[in-house]
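Trainee: Sequence below, structure please.
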Amino acid sequence: MGAVFRKSYTKPVPAGAERFTRKGERFVRWKDRKGKTRTAPLTVGEDGAERIVLESPCFVAKYRDGAGMVRVVPTGCRDETAARQVLADLEREAELIRSGVKTAAEAAAGQHQTKALQTHIDAYLTYLESAGACPEHRSERRRQLERIALECRFTRLADLDRSTLESWLARQTRAGMSARTRNSYLAAALAFCNWCADKNVRRLTGNPFDGIAKANEKADPRRQRRAMGESELLSLLAVARERPLLEALTVRKGKRKGERYAKVRPEVRERLEVLGRERALIYKTLVLTGLRKGELASLTLGQLHLGEAVPFVTLDAADEKNREGNDIPLREDLASDLRQWLSDKLERLQSEARERGEPIPARLPATTLVFNVPAKLCKILNRDLKVAGIAKRDERGRVLDVHALRHTFGTLLSKGGVAPRTAQAAMRHSKIDLTMSVYTDPKLLDVAGALDALPFLPLDGERTEQEAIRATGTDGEMVRTLAPTLAPTPDNSGESLSLSGKSFTDEPGFNPSGPVAVSGSAVKRKEPLTSAVNGSVGVGATGLEPVTPSLSSWCSSQLS
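Mentor: Numbers count the residues shown, from 1 in each chain. Coordinates of the predicted model:
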């Protein structure tokens, strides 16, 4: 038979308590916070100090469960009669388990059915936090689950019902909710119930929402992005660099509204020029690395490795979307821009310290942010696109936003002939279909030019002279696409290119005084961001790297 009782516990003697003896036993009398006089027995703790003995206000029940184990559980009852009724219910359930009428999992789930649903949601979010989920994900999960509970009128776990949730999802779809958002709410509900039904949690015996169909996201696309072309990128970088200063010079009111003759103090002019350069460099970094906005905003000086043979950026797992952490390679021209940007930032910091009379720093702290990425970068991009004359939305309804720069990165990789598997690694995608289908804009790919790679099939069986020349590859137009290294490796030792056992520098046709595409020393000069602004750098196939024809043409002649 079970029993109900109040648990005893000890506490230190309250300050100012009166000690007295009654029938040979020692007691303590004191007044609590409400001014009520209280009395409790006095005892000695393990450390030899005096302590008072108190009882819990609620009863606990002690019984033997269905597995034969002795359990002590709180009843939550201050009244002994009510506590004994709870004990009777527990013993009845234990008997049903021993007789095989109910399983232990059903019994464990039954204890949670009457609790408030918000209690279970809070416990689920605590589990997500312990599992390492980011704050943004936990906040979104809470918002979605609480909205479902409110609008479906789910107050307890016992209220969760498949048909009710299906009706709510259908109403949201009719009200204009996109398929992707609908699936996100469904995924939140399914994940929550799967956790409740876990064998280690045992709040539900099964998932009540299993079987609810997902919406077809491909049939209901709401926000399709497009990639930017070479000319659009050059225009965007030029406008981003010049717009802050031009807007300050532009008259806002009066007869000469719109003219650029406003007076700007030298220090303000310098600040606006720095701001414009930072914005242009942010855009360029996003396009040439494929970083997301949040990932770029988290980069610090300590994560840059610009002095390596292959410059790269270390992206911490906590700042990456897939929480894995990666090394992002940097092209040499971008690494040079970053070196100059950080050097200028150090000079400005030293100048400010000199003006304030403070110690002049010798270097930037490792925790210094590389860029101050604006929270409203998307609105800034919209203004830059408008000034540059680039349409925000194209004829197919696809839009340009900050994340579209990542789409541009993926498309430029495909357009440049990079292998799909290599492009997938550069994009840090888990599935190659995401790289090829979602992040590659087929409109910018040279599909018509790719048809020239197909064989000639004359119907009369004869080839023209030009067709024969092109078929044999002797027309002097040998195209070779060299994909850059997309991930640094622990062993990055170099090897010299050799033909027939010799280094290509030993061949009689090699001219060491000709154009050289690789430099062994870091560039220290302040180079322009775009060729459109200064017109000093040649543009290659992607519009963002210098042309290096000498090596490919020399290899072509040697192979011929």
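
Trainee: Endpoints of stretch 5-24, how far apart?
Mentor: One end of stretch 5-24 to the other measures 25 Å (CA to CA, to the nearest Å).

Trainee: What are the contacting residues of that stretch?
Mentor: Residues from elsewhere that reach stretch 5-24 (CB atoms under 8 Å, 6 or more residues apart in numbering): 26-30, 42-43, 45, 49-60, 62. Using the backbone N, CA and C atoms, a C-beta is placed for each residue, glycine as well.

Trainee: Same question for stretch 427-441.
Mentor: Stretch 427-441 has contacts (CB under 8 Å, 6+ apart) with 226-227, 290, 320, 322, 324, 326, 406-411, 413-414, 420-421, 423-424.

Trainee: please redo it, this time with the cut-off set to 7 Å
Mentor: When contacts are defined by CB atoms under 7 Å, 6 or more residues apart in numbering, stretch 427-441 is touched by residues 226-227, 290, 322, 326, 406-407, 410-411, 414, 420-421, 423-424.

Trainee: List the buried residues in it.
Mentor: Neighbour counts over stretch 427-441 (16 or more other CB atoms under 10 Å) mark Met427, Arg428, His429, Thr435, Met436, Tyr439, Thr440, Asp441 as buried.

Trainee: For those, could you give me CSV that also reports pLDDT and secondary structure?
Mentor: Output for the buried residues of stretch 427-441, formatted as CSV (pLDDT from 0 to 100; DSSP: H, G, I helix; E, B strand; the rest coil):
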residue, pLDDT, secondary structure
Met427, 86, helix
Arg428, 87, coil
His429, 86, coil
Thr435, 82, helix
Met436, 81, helix
Tyr439, 77, coil
Thr440, 78, coil
Asp441, 72, coil
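
Trainee: Regarding stretch 410-427, how distant is the last residue from the first?
Mentor: With CA to CA applied, stretch 410-427 spans 7 Å between its terminal residues.

Trainee: same deal with stretch 126-134?
Mentor: One end of stretch 126-134 sits 12 Å from the other (CA to CA).

Trainee: ditto for stretch 149-161
Mentor: By CA to CA, the extent of stretch 149-161 from end to end equals 11 Å.

Trainee: about what we covered before: which pair in the buried residues of stretch 427-441 has the greatest spatial separation?
Mentor: Within the buried residues of stretch 427-441, Arg428 and Asp441 form the most distant pair, 18.8 Å apart (CB to CB).

Trainee: related to what we said a few turns ago, just the contacts of stretch 5-24: which are in strands?
Mentor: Taking DSSP state E as the definition of strands, the contacts of stretch 5-24 contribute 26-30, 42-43, 50-55, 60, 62.

Trainee: Among these, which one sits closest to Thr81?
Mentor: Nearest to Thr81 among those: Val60, at 15.1 Å, using CB to CB.

Trainee: does the closest one have beta-bridge partners, and which?
Mentor: Beta-bridge pairing for Val60 (DSSP bridges): Phe5, Pro74.

Trainee: isn't it right next to Arg71, touching?
Mentor: No. Val60 is not in contact with Arg71 according to CB atoms under 7 Å; the separation is 10.0 Å.

Trainee: Skipping adjacent residues, who's closest to the spatially most central residue of the chain in space?
Mentor: The chain has Lys321 as the residue nearest its centroid, 2.6 Å off, counting by CA atoms, centre = their mean. Sequence neighbours aside, Arg292 is the residue nearest to Lys321 in space, at 6.3 Å (criterion: CB to CB, 6 or more residues apart in numbering).

Trainee: do Lys345 as well
Mentor: Leu364 is the one closest to Lys345 (CB to CB, 6+ apart), at 6.5 Å.
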